[in-house]
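J.: sequence first, predicted coordinates after that:
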Amino acid sequence: MTQDTVLVVGAGPSGLTAAANVTAAGYKAVMVEKEDTLGGAPILSGYAKLVPSGEWAKDAIGRMVKRVEDDASVTIHKGAKVTKLDGDAGNFTATLSNGESVAAGAVVLATGFTHFDSINKPEWGFGTFEDVLTTTQMEQMVAAGKIACPSDGRVPERVCILLCVGSRDRQIGREWCSKICCTVSANLAMEIKELSPETDVFIYYMDIRTYGLYEDKFYWKSQEEFKTKFVKARIAEVTASGDGRLLVKGEDTLVKRPIVIPFDIVVHAIGMDPNADNPEISQVFGVGLEKHGFIERAEHYTNTCGTTRRGIYSCGAAYGPETIDDSIAQGAAAAGRAVGDLHALVQKAS
Amino acid sequence: MAIHEKSLIEDERLLEHDSLVVDGVDVSGHWNTMITPRTIKDYDDDFEAKIQSYVGGENVHRCWQCGSCTNSCTMYAQNVQFNPRYWIYLTRLGLTDELIKDKDIIWQCVSCNKCTNICPKDVKPEGVMKALSHWMEEEGITEKSPSRIFDEEFADQIYAHGRIEDSKVLKNFFKKTGQPLVQGWLVEFSKRMMKGLPIAHGMRMGLNLVFTPKTKSWGKTGEVLQAYVREQKEAAHG
């Protein structure tokens, strides 16, 4: 019986939600996760407190993982990939890299994204200087509870966060806004200040996109209560000062002057790339990719969470940069689409 | 080649020597013209808090540079160099050298408060203009205003004697502000005052002007008062 089972690929926030919603509707879910750990990017990259709830990632996402692990109707394959998918909507057979095969009526691709690799912007010093970090590394430092320069362990006098690293940059073929980095950075600035009150945090921006309710809760709060300084400049280069600090060069566009400012830690607010496995995913599942390389969305108004192939649905950051909250909502929507369409198939057949 | 576009460069950035020999080569005259870079090398991290300690500057950290203040500004309509948005930015980053360049216009704010009413973040830009003016006056970046000179003379006499001597306040104020001691209105004023003044009273005034007596049992009150005022100022502005 394949029409009572939904195959969910990826066990991040959207996939975990999809699986839980599939079983809540009385169907069975099979989860396939390529890593050995469930939870997706927030767990694998060790995020600190989540936006906007302020809950620790390991607590919030941990609850989602537990819900699925405790669910008898969910079969979980960790450390496995789908290598082949045969059949059609209502009657798929997936072959897994662990040798098993799964029969399912629908597939939800909750395959997420890949963090931008800062090595691709060498002028900003990542990989060259120890004290140049990414937001995920800084989140890990916050989660560990101590703000210090990786080079020599000193407490930084000044930290700057560079926005749009790997986003909004035609030079490197990333023409999208990663949507969440502004808010995450404002939140990170507050967390740094909280742990290390003597550290001043600067955010170098082109625009600030803390949309919706993130505006006052993150942007205003970090500026007004935590004294984060927002400086309008796209940084040109990060170099060494010669005395152990970093020099951040750019143009302050509001003063119309070149700046060369010393910092102790430079943080790259890295964007969301399409999942690096998307070419493979596209081939295995027979779904199209949109021009940036994310999963191509079907007509949205009446085919919500659809892809270019019938019976295969998607959700969350697989479609493009997405917040955790919206990924969760879309995971629930994709599950609804999958079981709804399966139900319709059964009705039609009887 | 000589630099022809010097008009575009601030005077203080142009370095010229009448005669200069570098490595045995005579580069006298315009051949040695150098231009110092415009690069901003550092921020003064404490400056924002300093301006916040002045009345009116409390909310300067809220600014997000929308430019509503400048757009609504009465003075900006007269002079585009008068740009509250820009000065608030400089204040936030502590770019004091840039602020000081505009020391002769910041005080021109007419307090119409159009900026205060339009500001979406409640920065109170008019207050920031006042705070900046007071900071500049206190740091000696701008000259003391006549009213401040008068106040200081007044207070100094109180500290010293527990009382003021009107004619001495006036005399010292004129001296410090470079005004002639004999002024038409004052002569007329004195003449009218002397008319009908009891001789004994006039003599006492004269004596007071020369000897300046202290208030009874003034003792160390002046010192204590002065110390208190100084403490209060330091507590407010560091």
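T.: It's in.
J.: which parts of chain B sit against chain A?
T.: Within chain B, the residues that sit near chain A (CB under 8 Å from any CB of the partner chain) are B:37-43, B:45, B:48, B:61-62, B:64-65, B:86, B:89-90, B:92-93, B:95, B:98, B:121. The C-beta positions use only the backbone N, C-alpha and C, and glycine is treated the same way.
J.: list buried residues within those residues.
T.: Neighbour counting by 16 or more other CB atoms under 10 Å in any protein chain shown classes B:40, B:43, B:48, B:61-62, B:65, B:86, B:89-90, B:92-93, B:95, B:98, B:121 among these as buried.
J.: I figured A:Gly293 was touching A:Pro274, is that so?
T.: Yes: between A:Gly293 and A:Pro274 there is a contact at 3.6 Å, judged by CB atoms under 8 Å.
J.: neighbour count: those two, which is higher?
T.: With neighbours defined as other CB atoms under 10 Å in any protein chain shown, A:Gly293 and A:Pro274 compare such that A:Pro274 has more, 26 against 19.
J.: so who does that one touch?
T.: By CB atoms under 8 Å, 6 or more residues apart in numbering or on different chains, the contact list for A:Pro274 reads A:113-114, A:289, A:292-294.
J.: distance check, it against A:Arg174.
T.: Per CB to CB, to the nearest Å, A:Pro274 is found 10 Å from A:Arg174.
J.: what touches both of these two?
T.: Residues touching both A:Pro274 and A:Arg174 (CB under 8 Å, 6+ apart): A:His292.
J.: hang on, B:His61 packs against A:Gln223?
T.: Yes: counting by CB under 8 Å, B:His61 does reach A:Gln223; the two are 6.8 Å apart.
J.: still on that earlier bit, and the residues of chain B next to chain A, which of them are in helices?
T.: Of the residues of chain B next to chain A, the ones assigned to helices by DSSP state H are B:48, B:86, B:89-90, B:92-93, B:98.
J.: tabulate those (CSV), appending pLDDT.
T.: Output for those, formatted as CSV (pLDDT from 0 to 100):
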residue, pLDDT
B:Glu48, 96
B:Tyr86, 96
B:Tyr89, 96
B:Leu90, 96
B:Arg92, 96
B:Leu93, 95
B:Glu98, 91
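J.: output the contacting helices and strands for the longest helix along chain A.
T.: Criterion DSSP H: the longest helix present in chain A is helix A:324-349. On a contact count with 3 or more CB pairs under 8 Å, 6 or more residues apart in numbering or on different chains; DSSP states H and E, helix A:324-349 meets strand A:5-9, helix A:13-24, strand A:106-109, strand A:312-314.
J.: spatially central residue for chain B, please.
T.: B:Glu137 (1.8 Å; CA atoms, centre = their mean).
J.: quick one: that residue from chain A, how far?
T.: 24 Å (CB to the nearest CB, to the nearest Å).
J.: what comes up buried for the helix or strand harbouring that residue?
T.: Element membership of B:Glu137 [criterion: DSSP states H and E] is helix B:125-138. Neighbour counts using 16+ other CB under 10 Å place B:125-137 of helix B:125-138 among the buried residues.
J.: what does stretch B:71-78 give?
T.: Neighbour-count burial for stretch B:71-78, counted by 16+ other CB under 10 Å, picks out B:72-73, B:75-76.
J.: got the contact list for that stretch?
T.: B:70, B:82-84, B:105, B:108-110, B:112, B:114-115, B:117-118.
J.: show me where the stretch 1-150 of chain A has strands.
T.: Using DSSP state E, counting those that start in this stretch, the strands of the stretch 1-150 of chain A run over residues A:5-9, A:28-33, A:74-78, A:82-88, A:91-96, A:101-104, A:106-109, A:113-115, A:132-134.
J.: check the offset of the last one from the chain's centre.
T.: In this case it means strand A:132-134. Centre-to-centre, strand A:132-134 and its host chain are 17 Å apart (CA atoms, centre = their mean, to the nearest Å).
J.: how about the spatially closest residue to B:Leu209 that is not a sequence neighbour, secondary structure?
T.: Nearest residue to B:Leu209, sequence neighbours excluded (CB to CB, 6 or more residues apart in numbering or on different chains): B:Ser167, at 5.5 Å. Assigned by DSSP: H, G, I helix; E, B strand; the rest coil, the conformation of B:Ser167 is helix.
J.: A:Ser162: which element?
T.: For residue A:162 the amino acid is Leu, not Ser. Element membership of A:Leu162, judged by DSSP H and E, is strand A:158-165.
J.: please state the offset of that strand from the chain centre?
T.: The answer for strand A:158-165 is 18 Å, by CA atoms, centre = their mean.
J.: packing partners for that strand?
T.: Looks like strand A:158-165 contacts helix A:181-195, strand A:200-205, strand A:257-263, strand A:265-270 (3+ CB pairs under 8 Å, 6+ apart).
J.: ok, and what's touching that strand?
T.: Contacts of strand A:158-165 (CB under 8 Å, 6+ apart): A:116, A:118, A:121, A:124, A:134-135, A:147, A:177-178, A:181-182, A:185, A:188-189, A:192, A:199-206, A:234-235, A:248, A:261-271, B:45.
J.: before we move on, what about stretch A:52-65?
T.: So stretch A:52-65 is contacted by A:11, A:13, A:16-17, A:20, A:38-40, A:42-43, A:46-50, A:143, A:183, A:213-214, A:217-218, A:325 (CB under 8 Å, 6+ apart).
J.: angle of the helix or strand containing A:Gln283 against strand A:5-9?
T.: Element membership for A:Gln283, per DSSP H and E: helix A:278-285. Relative orientation of helix A:278-285 versus strand A:5-9 (axes from the mean of the first three to the mean of the last three CA atoms, to 10 degrees): 160 degrees.
J.: tell me what helix A:278-285 is packed against?
T.: Helices and strands touching helix A:278-285, as assessed by 3+ CB pairs under 8 Å, 6+ apart, comprise strand A:82-88, strand A:106-109.
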